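A.B. asks: Build me a model from this:
(3 chains)
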Amino acid sequence: MKQPSLFQGFSQSSSPIEKKTVPTAPFDFLAFDVEATGRDPMADQIVGIALCKEKGTAYYVPIRHLNALNIPDALPILRDVLENENIAKIGHNLKFDILMLRQEGINTAGKIYDTMLASYLLNPNKQGHSLEDVGIEFLNHKKKTFKEVLGKHETFAEVPINEAVQYAAEDAELAMELKDILFERLKIEGLEKLYFDIEMPLIYVLADMQYNGIKINSNFLNDLSKELERELDNLQAKIFNLAGKRFNINSSQQLGRILFEDLGLKAGKKTKTGYSTSVEVLQQLAAFHELPAEILNYRTLYKLKKTYIDALPNLMNKKTGRIHTSFNQTVTATGRLSSSDPNLQNIPIRGELGTKIRQAFLAEEGFTLISADYSQIELRILAHLSRDKGLIDAFIKGVDIHTRTAAEIFNIPADSVTPDLRRAAKTVNFGIIYGISPFGLSESLNITPKDAGDLIESYFARYPGVRSFIDNTLKEAKTSGFVSTLLGRKRGIADINSSNANIRQQTERMAINTPIQGTAADLIKIAMIRIFKRLIEEGFKTKMILQIHDELLFEAPIKEVDNVIRLIKHEMETALELTVPLVVDIKTGKNWAESK
DNA sequence: GGCGTCACG
DNA sequence: ACGTACGTGACGCCG
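C.D. replies: Okay, the predicted model is just below:
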């Protein structure tokens, strides 16, 4: 498919963060690497900067070393080079360096080459993409790890200066050397466009989102924590009473012994290590004893308290009073982002407590949160990729897709679809995206694998394009050894020809899911880059603050809301031109619960 | 550090 | 005959 206009509207010839023109550049490329007191770019301090403008020579400028002759005035001097749009920047994990420099008031600009991202696009299945690993893989260059250099020192600032120089300068030079070989590989693999038009510009967007952070109401969460503390105490007493003894409720091993040995309940599923006590198992057991239901209550409360309510206030940044997550661009095998420290992509939404937790995420005084989420994005992408007539027709007509599927697979008129049938059809739709199997579907629908198989058959009879899409994807995967997204992102799937049926089938499901999930990831990344660029160019004060796979969250001055909503909706809905319309739902509110 | 569990899309 | 829904990250237990 030809998409000449796909990337129109953004190029990365300049940093979107700040415009500044410098007539000539003394050199074309600069590899650099910021050393810091820690790994949190919003809290730690720059210790020094390594620089390399050509292979063979690299420098290290100590800024805040202990027991060394520092050059604290180096930063203002380096600013001219780092902010020069005509000097391309090379580095490994540049988002970190960009954020560290921003703390010092330096707005990195210019075309960027991130060697970590290059390694990721070349092999998204790889576990990590540290400079050490990438150096070994592509240049057979072995170097000391950061850990080894740090030794027993508290921070890099304490590492003896000659060791620090060796280590840091080598990093900058290695990035410079890697750039050429990785870039060559990207061209060969046809990943150049994805790299320069999407992943590189996205670095600036993600850096800005992390920098912005999100406001939370810690007092509210702390009060909620005390309330839950009491509730958990009560639940614990009740549980010990029902069990007839005290035990560690958080130990699934101890719980298993209570349920299946002491109380003699019938054990179903097993895990590698013993009895399963998962939600599904406990729900089944709830019909026979009071204890399992109370355990489930306890677990939910405990989880939400420990993971969110207690954790979030402690993660508030001291300087900004906000939460700054880390958006990881080189983690997932499909092209999605991930979020960590804290993970803001899995904040609870279900239930009363989920609502309360989301109420704690706030807009600043005078601002409003805007949430914009793609409706049924993966099914729309499936419709596009499969060219299935029925699926395309459903989205063009704008009908409820799960109701439509229910009508099709149960062979009844749409207006006879009951909520239960719709729910079943929804599960089937999800199953298709996950690489459906009769067993998997039977488990989630609580029906026999035979009935699940029949349901799948009638789905394929009604949506034959989907079946051929799956067949074609698998066929191509088996011959080429990889699958790709609409924008050419690739994921190797070597095990698809495995003689082990389990491994082979698991790989087949990945092969089906990856083009769908990955295309959705490509799509929202394009939208993010375009929105980011326009917000700056058109002088809006609105900030993008979170991405949750199919949703973007913004913090907007109240005055801007109407205009910015139009902008966001337009850019998201037109980020890619598919054979089906893209629909974005917008919600606004003072907090994240309202803006849902 | 692996495993089980469970929060999200 | 086998063991499965796709993709993540955080928490606590246990060895």
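
A.B. asks: ok, which stretches of the stretch 101-250 of chain A are strands?
C.D. replies: With DSSP state E, counting those that start in this stretch as the criterion, the stretch 101-250 of chain A has strands at A:112-114, A:214-216.

A.B. asks: Out of the ones you listed, which is the most enclosed?
C.D. replies: strand A:112-114 (a mean of 25; mean count of other Cβ atoms under 10 Å). Just so you know, the C-beta spots here come from the backbone N, C-alpha and C atoms, and that holds for glycine as well.

A.B. asks: count of residues packed around A:E508?
C.D. replies: By the criterion of other Cβ atoms under 10 Å, A:E508 has 21 neighbours.

A.B. asks: now the helix or strand hosting it: mean pLDDT?
C.D. replies: Assessed by DSSP states H and E, A:E508 sits inside helix A:501-537. The pLDDT scores in helix A:501-537 average 97.

A.B. asks: repeat for stretch A:299-312
C.D. replies: 98.

A.B. asks: now stretch A:425-436
C.D. replies: The model assigns stretch A:425-436 a mean pLDDT of 95.

A.B. asks: check contacts around the closest residue to A:L242 other than its chain neighbours.
C.D. replies: In space, and not counting its chain neighbours, A:L242 is closest to A:L291: 4.3 Å by Cβ to Cβ, 6 or more residues apart in numbering. Residues counted as contacts of A:L291 (Cβ atoms under 8 Å, 6 or more residues apart in numbering) are A:I239, A:L242, A:A243, A:I258, A:L259, A:L263, A:L285.

A.B. asks: one step back: looking at the strands of the stretch 101-250 of chain A, spot the one closest to DNA strand B.
C.D. replies: Closest approach to DNA strand B among the strands of the stretch 101-250 of chain A (Cβ to the nearest atom of the strand): strand A:214-216, 15.3 Å.

A.B. asks: Is there contact, residue-wise, from that closest one to DNA strand C?
C.D. replies: No. Strand A:214-216 stays clear of DNA strand C (Cβ under 7 Å from any atom of the strand), getting no nearer than 14.8 Å.

A.B. asks: For that strand, name the packing helices and strands.
C.D. replies: strand A:322-323, strand A:361-362, strand A:551-557 (3 or more Cβ pairs under 8 Å, 6 or more residues apart in numbering; DSSP states H and E).

A.B. asks: now that strand: mean pLDDT?
C.D. replies: On average, strand A:214-216 scores 98.

A.B. asks: again, but for stretch A:144-157
C.D. replies: 92.

A.B. asks: Could you tell me the end-to-end distance of it?
C.D. replies: Using Cα to Cα, to the nearest Å, the end-to-end distance of stretch A:144-157 comes out at 17 Å.

A.B. asks: just stretch A:244-256 next, same as before
C.D. replies: End to end - Cα to Cα - stretch A:244-256 spans 14 Å.

A.B. asks: Next, the angle from the helix holding A:E508 to strand A:551-557.
C.D. replies: Going by axes from the mean of the first three to the mean of the last three Cα atoms, to 10 degrees, helix A:501-537 is angled at 20 degrees with respect to strand A:551-557.

A.B. asks: could you check whether whichever helix or strand comes after helix A:501-537 is close to DNA strand B?
C.D. replies: For helix A:501-537, the succeeding helix or strand toward the C-terminus, using DSSP H and E, is strand A:543-547. No. Using Cβ under 7 Å from any atom of the strand, strand A:543-547 stays clear of DNA strand B, with a minimum separation of 9.6 Å.

A.B. asks: Give me the neighbour count for A:I357.
C.D. replies: Residues near A:I357, counting by other Cβ under 10 Å: 25.

A.B. asks: Could you check the pLDDT of it?
C.D. replies: Reading off the model, A:I357 has pLDDT 98.

A.B. asks: ok but it is inside a strand, no?
C.D. replies: No. Using DSSP: H, G, I helix; E, B strand; the rest coil, the assignment for A:I357 is helix, not a strand.

A.B. asks: if we can go back for a sec, could you export the strands of the stretch 101-250 of chain A as JSON lines, including distance to A:A267?
C.D. replies: Shown next, in JSON lines, are the strands of the stretch 101-250 of chain A (distance: least, Cβ to Cβ, whole Å):
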{"stretch": "strand A:112-114", "distance to A:A267": "50"}
{"stretch": "strand A:214-216", "distance to A:A267": "42"}
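
A.B. asks: out of these, which comes closest to A:R336?
C.D. replies: Distance to A:R336, taken as Cβ to Cβ, is lowest for strand A:112-114 among these, at 17.7 Å.

A.B. asks: what's the closest one packed up against?
C.D. replies: strand A:88-91, helix A:94-103, helix A:200-212.

A.B. asks: Include distance to A:Y113 and mean neighbour count when you put those into a markdown table, please.
C.D. replies: What follows is the helices and strands packed on strand A:112-114, written out as a markdown table (distance: least, Cβ to Cβ, whole Å; neighbours: other Cβ atoms under 10 Å):
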| stretch | distance to A:Y113 | mean neighbour count |
| --- | --- | --- |
| strand A:88-91 | 5 | 24 |
| helix A:94-103 | 8 | 23 |
| helix A:200-212 | 7 | 22 |
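
A.B. asks: could you pull out the helices for the stretch 251-400 of chain A?
C.D. replies: Taking DSSP state H, counting those that start in this stretch as the criterion, the stretch 251-400 of chain A carries its helices at A:252-257, A:279-285, A:291-304, A:311-314, A:351-359, A:377-386, A:389-397.

A.B. asks: deepest of those helices, which one?
C.D. replies: With a mean of 24, the top stretch among the helices of the stretch 251-400 of chain A by mean neighbour count (mean count of other Cβ under 10 Å) is helix A:377-386.

A.B. asks: Can you confirm whether it lies near DNA strand C?
C.D. replies: No. Using Cβ under 7 Å from any atom of the strand, helix A:377-386 never reaches DNA strand C; the gap is at least 8.9 Å.

A.B. asks: Next up, the contacts around the closest residue to A:D495 other than its chain neighbours.
C.D. replies: Using Cβ to Cβ, 6+ apart and skipping residues adjacent in sequence, the residue nearest A:D495 is A:T507, 4.3 Å away. A:T507 makes contact with A:I493, A:D495, A:I496, A:S498 under the criterion Cβ under 8 Å, 6+ apart.

A.B. asks: Could you check how far A:E83 is from DNA strand C?
C.D. replies: 31 Å (Cβ to the nearest atom of the strand, to the nearest Å).

A.B. asks: cool, A:Q329 as well?
C.D. replies: 10 Å.

A.B. asks: gap between the spatially closest residue to A:P348 that is not a sequence neighbour and DNA strand B?
C.D. replies: When the adjacent residues along the chain are set aside, A:P348 lies closest to A:G354, with 3.7 Å between them (Cβ to Cβ, 6+ apart). Plainly put, A:G354 is 5 Å away from DNA strand B if you go by Cβ to the nearest atom of the strand.

A.B. asks: neighbours of the residue in the stretch 101-250 of chain A that DNA strand C sits nearest to, just the number please.
C.D. replies: With Cβ to the nearest atom of the strand as the measure, A:N250 is the residue of the stretch 101-250 of chain A nearest to DNA strand C, at 3.8 Å. For A:N250, the neighbour count with other Cβ under 10 Å is 11.

A.B. asks: For the residue nearest to A:L191 when sequence neighbours are not counted, which residues are in contact?
C.D. replies: Excluding the flanking residues, the one nearest A:L191 by Cβ to Cβ, 6+ apart is A:L121, at 4.8 Å. A:L121 sits next to A:L186, A:E189, A:L191, A:L194, A:Y195, A:E199, A:R489, A:K490 when contact means Cβ under 8 Å, 6+ apart.

A.B. asks: DNA strand B contacts on chain A?
C.D. replies: A:252, A:271-273, A:276-279, A:282, A:296, A:299-300, A:303-304, A:307, A:345-351, A:354, A:517, A:548-551.

A.B. asks: Filter those residues to keep only those in contact with DNA strand C.
C.D. replies: Okay, of these touching DNA strand C (Cβ under 7 Å from any atom of the strand), that's A:T307, A:Q345, A:N346, A:Q517, A:H549.

A.B. asks: Among the residues you listed, which one has the most neighbours?
C.D. replies: A:Q517 (23 neighbours).
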